[in-house]
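Engineer: Provided below are the primary sequence and the corresponding predicted coordinates.
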Amino acid sequence: MSPKRSDFDDLLAALERARGEIGLKIHLAAADARDEWEDLEKKWRRLRGRLDTIGRVAENTAGDVGEALEQLGKELKKGYERLRKVL
């Protein structure tokens, strides 16, 4: 028995729904990735600025700041890894 026109219509409708859903998810994922990238860029600028400041400050006063910068660096690394997986 050969497929009927209605079978093809049902298949086409299902494919169109899947296509639309996937297209929307890709669009939203791209927007989420852009938002995360912007957040990471802010953290990057903050990290660079603080490192530049520490370079101008005596080493013995930079201990606590160093720990905070290490944490910020770890956050950036995790964020970049998340984005790498999405892209």
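Structural biologist: Structure received.

Engineer: who are the packing partners of whichever strand or helix holds D52?
Structural biologist: Using DSSP states H and E, D52 sits within helix 5-56. Helix 5-56 sits against helix 63-86, with contacts defined as 3 or more Cβ pairs under 8 Å, 6 or more residues apart in numbering; DSSP states H and E. Quick note: C-beta positions are derived from backbone N, CA and C, even for glycine.

Engineer: show me the shaky parts of the chain.
Structural biologist: By pLDDT under 70, the low-scoring segments of the chain are 1, 56-65.

Engineer: separation between Q71 and K77?
Structural biologist: Using Cβ to Cβ, to the nearest Å, one gets 11 Å for the distance from Q71 to K77.

Engineer: just to revisit the earlier point, ok now the helix holding D52, how far from the chain's centre?
Structural biologist: 7 Å (Cα atoms, centre = their mean, to the nearest Å).

Engineer: got the angle between that helix and helix 63-86?
Structural biologist: In terms of direction (axes from the mean of the first three to the mean of the last three Cα atoms, to 10 degrees), helix 5-56 departs from helix 63-86 by 160 degrees.

Engineer: I'd like the numbering to begin with 3 instead of 1 from here.
Structural biologist: Shifting the count to begin at 3 puts that one at helix 7-58.

Engineer: got the CA positions of stretch 13-28 in CSV?
Structural biologist: Taking C-alpha atoms only, stretch 13-28 is exported to CSV below (Å, rounded to 0.1, in the frame of the first residue of the first chain):
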residue,chain,number,x,y,z
LEU,A,13,4.8,14.3,7.9
LEU,A,14,5.3,17.8,6.4
ALA,A,15,3.3,19.4,9.3
ALA,A,16,5.4,17.5,11.9
LEU,A,17,8.6,18.5,10.1
GLU,A,18,7.5,22.2,10.1
ARG,A,19,6.7,22.1,13.8
ALA,A,20,10.1,20.5,14.6
ARG,A,21,11.9,23.0,12.3
GLY,A,22,10.1,26.0,14.1
GLU,A,23,10.9,24.6,17.5
ILE,A,24,14.6,24.0,16.7
GLY,A,25,14.9,27.4,15.0
LEU,A,26,13.5,29.1,18.1
LYS,A,27,15.7,27.2,20.5
ILE,A,28,18.8,28.1,18.4
